[in-house]
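Asks: Task: produce atomic coordinates for the following.
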Amino acid sequence: MATLTDRAGAEHALLALRPVLAASGIALGVATGGGEPFGPGEAELASAMPGLRRRDFLAGRRAARQALALAGLPVAEILADGRRPVFPDGCVGTISHSGGLAVALAAPASRFRALGCDLETRGLPLEAAHLVLSEDERAWVADSERRLLFAFSAKETAFKALSVSAPSRLLDVGLRAGRGGGFRAWRGGVPERGLDVRAHDVAGSAFTWTAR
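Replies: Residues are numbered from 1 along each chain as shown. Sure, this is the predicted structure:
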């Protein structure tokens, strides 16, 4: 699993994925550390957060504005609806952070209904697999912490992309291994109507993303 000591390697590997995302019409932003709020709304949200949560929140917003700028979209405050980021009108986006590293995707709403991404620098212990995976999914993971890391990340990504009709928990998202090391994810027991989730190893960390 990746640790803070190889955060620079994960950042470099994420940045190397920009052309891959760009080929699909999606911009990728990456940020570390904290930073300052972009406006009063973000300042108000950040002021109520403890130190590490505030750092991750602000880094995520910086990564999101970087992605918006790279996509040629309006750069503005990114507020929140609960824990979900609210991107500017005409834009869709998603944010994730782990181990002091934040990543975000952005694209025009005219092209996509939703995006999802997840970065995991530390995985779940195998004994916690039942909290997020079905019995069949656990059989596929077997005793592999690496498989569990990527399966967990893929479910988080799909959960975010299903924001319009979101499931209530990760167990409600179905998952199976797909082509090229990725996954097929769905809700409601209908894999044919699901999402293809791409998966990348970034210096030992798991990065997954999808678009719909």
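Asks: Tell me which stretches of the protein form strands.
Replies: Ranges of strands in the chain, per DSSP state E, are 27-32, 79-81, 84-86, 91-98, 101-108, 115-120, 173-177, 183-187, 195-202, 205-211.
Asks: do you know which of those lies nearest residue 50?
Replies: Shortest separation from residue 50 across those is recorded for strand 91-98, at 14.5 Å, computed as Cβ to Cβ. (C-beta placed from N, C-alpha, C; glycine too.)
Asks: Check which residues of the closest one are buried.
Replies: Neighbour-count burial for strand 91-98, counted by 16 or more other Cβ atoms under 10 Å, picks out 91, 92, 93, 94, 95, 96, 97, 98.
Asks: got a list of what the third one touches?
Replies: In this structure, residue 93 makes contact with 64, 67, 68, 78, 85, 87, 104, 105, 106, 107, 115, judged by Cβ atoms under 8 Å, 6 or more residues apart in numbering.
Asks: In terms of distance to residue 170, which of the buried residues of strand 91-98 ranks first?
Replies: For those, the nearest to residue 170 is residue 96 (14.4 Å; Cβ to Cβ).
Asks: which residues sit in contact with the closest one?
Replies: Residues counted as contacts of residue 96 (Cβ under 8 Å, 6+ apart) are 60, 102, 103, 104, 117, 118, 119, 156.
Asks: and the fifth one, bridged to which residues?
Replies: In other words, residue 117. For residue 117, the beta-bridge partners under DSSP bridges are residue 209.
Asks: Tell me how many other residues surround it.
Replies: 26 (other Cβ atoms under 10 Å).
Asks: again with the fourth one
Replies: By the other Cβ under 10 Å criterion, the neighbourhood of residue 104 contains 30 residues.
Asks: now do the first one
Replies: Other residues near residue 60 number 23, with proximity taken as other Cβ under 10 Å.
Asks: Can you give me the distance of the residue sitting furthest away from the middle of the chain to residue 104?
Replies: Distance from the centre of the chain peaks at residue 40, with 25.3 Å (Cα atoms, centre = their mean). From residue 40 over to residue 104 the distance is 21 Å, taken as Cβ to Cβ, to the nearest Å.
Asks: got it, and residue 37?
Replies: Applying Cβ to Cβ, the value for residue 37 to residue 104 is 16 Å.
Asks: Where does pLDDT dip in this structure?
Replies: 1-5, 163-168 (pLDDT under 70).
Asks: so what are the domain limits for it?
Replies: Taking automatic domain parsing as the domain assignment, the ranges for the chain are 4-118, 123-211.
Asks: Can you list the residue ranges for helices in the chain?
Replies: 7-15, 18-22, 40-47, 51-70, 135-141, 145-161 (DSSP state H).
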